[in-house]
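Engineer: got a predicted structure here, sequence first:
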Amino acid sequence: MNKNDTDPVLQIKDLDNGTVMSIEELERSNNEFTNRMRSKSTSKKNLIPEELQFTTFNNQEKDPFFKRTAIADYLPAHKGNVWCVAGSSDGKYSASGGEDGQVIIYTNDGGLTQLRAFKGHTSDVVMLEFSNDNFLLSCSLDSTVRLWHPTAEKELAIFQHEDAVTAVSFLPTDSSIILAATLGNTVFVWSVRENEVIHRITFVSPPTAAGFSPDGNYVAIGCLNGFVFVYTMPEFRYVTQFIAGPRGKKQTSNEKVTSIQFLGNEQFLIATNDSRIRLYALENFSVVRKFLGHESKEAQLRLSVSSDNQLLMTPSENTSEVFIWPVDHSKYFKGSGLFGSFLKDRSKTYEGFKYGKKYLINAAAFIQKSSIQHLAVIVGDNRGGVSKVISIQ
């Protein structure tokens with residue numbers, strides 16, 4: 001949604017009183033609210049629970065990128081599991097969603113300061129995504145997708161479906177177009193302006209993940225049975241399909257596609273429930289590299305990519321760990337001689353952090369324009385906690 005006051009698509013209508021405001025007007029009217037919320041934040045740091053045992057690790061690296069890493073803040077934000085977190089592309093905001101149905105937005109200044117706590121979903125929130133202009137989508141097992149903005153006091157729109165929604169995404173070049181994947185074996189493309197479905201695609205198996213290329217020319221959709229389908233945009237012309245699984249081996253039925261993230265406009269990452277993340281070339285859909293080390297057998301763990309496209313990250317199932325890999329591991333591999341050689345298409349070169357046995361990490365996302373030079377991560381755990389992990393220079 002381009003920030004143009006004359007464009008009616010970018011005006012927000014209050015669902016209660018019918019008032020129409022532009023994004024700029026809404027932001028100005030809410031500056032006082034934002035400052036008031038910040039002033040309520042105490043100077044005391046939120047206490048990190050004693051049972052949370054933060055440690056770091058690294059494997060096969062010459063030196064870790066982030067030599068000193070620590071928890072900068074910890075908030076008891078939700079009741080029950082935090083299933084998803086996200087960060088805005090401009091670095092200003094973070095968000096979390098979870099078992100309690102809440103969507104919480106934070107400012108990233110210093111630690112994490114709660115800005116908004118939205119209620120509306122009646123079941124678990126399972127995915128969040130910010131648009132390039134800071135609108136926020138949430139999808140839930142209550143069969144709805146909801147649109148929010150950090151400066152709005154409540155939801156801006158509700159997109160109702162017949163089945164639970166597993167994934168959601170903005171078209172990067174036009175955030176008035178959104179995609180929602182549902183357990184009803186269907187992907188819906190919605191017009192935010194009209195609040196109506198403009199396209200739908202039906203699959204044999206439920207779609208569980210989706211991702212657009214940054215230029216908006218391609219979309220990849222992954223399913224419960226491990227198949228991935230690629231289409232061109234905006235006409236949704238079919239390009240190809242393939243199984244995101246082991247090459248040269250019998251395919252199994254448990255390799256659900258859990259997450260899809262593009263690395264620029266020429267490559268994309270696919271995470272599956274065989275504890276693998278595969279980097280594919282968009283040119284010929286060949287596997288460029290596999291990333292190993294984490295565990296992913298059943299959970300819907302989402303990938304996150306750093307702002308410089310040099311790092312990828314995911315939690316590890318049931319291990320309280322977050323893994324971070326360099327995309328080009330050859331620069332950082334700790335090899336020596338014949339026995340230190342490595343396969344170019346396979347990377348176990350990673351580092352990360354863990355929270356100990358009593359705090360399971362369900363979600364992690366890069367925030368504040370993280371890169372190889374600077375780490376900032378928002379983390380959601382099984383006890384309702386949302387924390388911020390940073391590198392210390």
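Structural biologist: Great, that's in hand.
Engineer: any idea how far stretch 181-197 is from the middle of the chain?
Structural biologist: 19 Å (C-alpha atoms, centre = their mean, to the nearest Å).
Engineer: identify the residues contacting that stretch?
Structural biologist: 1, 8-9, 143, 145, 147, 157, 159, 161-168, 175-180, 198-210, 221, 236 (C-beta atoms under 8 Å, 6 or more residues apart in numbering). Every C-beta, even on glycine, is put in place using the N, C-alpha and C of the backbone.
Engineer: write the PyMOL selection for whichever of those are buried.
Structural biologist: Applied in PyMOL, the following selects the buried portion of the contacts of stretch 181-197 according to 16 or more other C-beta atoms under 10 Å:
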select buried, resi 1+143+145+147+157+159+161+164+165+166+167+168+175+176+177+178+179+180+201+203+206+207+208+209+210+221
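Engineer: can you tell me which of the contacts of stretch 181-197 end up in strands?
Structural biologist: If you go by DSSP state E, those have 145, 147, 157, 159, 165-168, 175-180, 198-202, 207-210, 221 in strands.
Engineer: which elements pack onto the helix or strand containing residue 126?
Structural biologist: Using DSSP states H and E, residue 126 maps to strand 125-130. Counting contacts by 3 or more C-beta pairs under 8 Å, 6 or more residues apart in numbering; DSSP states H and E, strand 125-130 is packed against strand 82-87, strand 93-98, strand 136-140, strand 165-171.
Engineer: any chance of the ones you listed in CSV, plus distance to residue 257 and mean pLDDT?
Structural biologist: CSV is the format used below for those (distance: least, C-beta to C-beta, whole Å; pLDDT from 0 to 100):
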stretch, distance to residue 257, mean pLDDT
strand 82-87, 16, 98
strand 93-98, 21, 98
strand 136-140, 16, 99
strand 165-171, 10, 98
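Engineer: including distance to residue 217, could these go into TSV?
Structural biologist: What follows is the helices and strands packed on strand 125-130, written out as TSV (distance: least, C-beta to C-beta, whole Å):
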stretch	distance to residue 217
strand 82-87	23
strand 93-98	27
strand 136-140	21
strand 165-171	10
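Engineer: quick check: which of the ones you listed is nearest to residue 356?
Structural biologist: Judged by C-beta to C-beta, the one of these that comes nearest to residue 356 is strand 82-87, at 16.5 Å.
Engineer: what comes into contact with the closest one?
Structural biologist: Contacts to strand 82-87, defined as C-beta under 8 Å, 6+ apart, come from residues 93-99, 108, 124-130, 136, 302, 362-368, 378-382, 384-386.
Engineer: ok, residue 224 - contacts?
Structural biologist: 205-208, 256-257.
Engineer: just the closest of these to residue 80, please.
Structural biologist: Taking these together and measuring to residue 80 by C-beta to C-beta, the closest member is residue 208, at 21.7 Å.
Engineer: looking at that closest one now. What's its pLDDT?
Structural biologist: Listed pLDDT for residue 208 reads 98.
Engineer: how close does it sit to residue 172?
Structural biologist: According to C-beta to C-beta, to the nearest Å, residue 208 and residue 172 sit 21 Å apart.
Engineer: how about residue 104?
Structural biologist: Residue 104 sits 24 Å away from residue 172, taking C-beta to C-beta as the criterion.
Engineer: neighbour count winner among the two?
Structural biologist: residue 104 (24 against 19; other C-beta atoms under 10 Å).
Engineer: bridging residues for that one?
Structural biologist: Listed beta-bridge partners, residue 104: residue 96, residue 117 (assigned using DSSP bridges).
Engineer: that one contacts residue 116, correct?
Structural biologist: Yes. Using C-beta atoms under 8 Å, residue 104 is in contact with residue 116, at 6.9 Å.
Engineer: residue 351 contacts residue 57, doesn't it?
Structural biologist: Yes. Counting by C-beta under 8 Å, residue 351 does reach residue 57; the two are 6.6 Å apart.
Engineer: ok, these two, which is more surrounded?
Structural biologist: Comparing residue 351 with residue 57 by other C-beta under 10 Å, the one with more neighbours is residue 351, at 24 against 14.
Engineer: tell me the contacts of that one?
Structural biologist: Counted by C-beta under 8 Å, 6+ apart, residue 351 has contacts 56-59, 61, 64-66, 323-324.
Engineer: residue 63: neighbour count?
Structural biologist: Counted with other C-beta under 10 Å, residue 63 comes out at 10.
Engineer: also residue 110?
Structural biologist: 12.
Engineer: measure it to residue 169 for me?
Structural biologist: Taking C-beta to C-beta, one finds residue 110 at 30 Å from residue 169.
Engineer: just checking, residue 178 touches residue 167?
Structural biologist: No. If you go by C-beta under 8 Å, residue 178 and residue 167 don't touch, sitting 11.0 Å apart.
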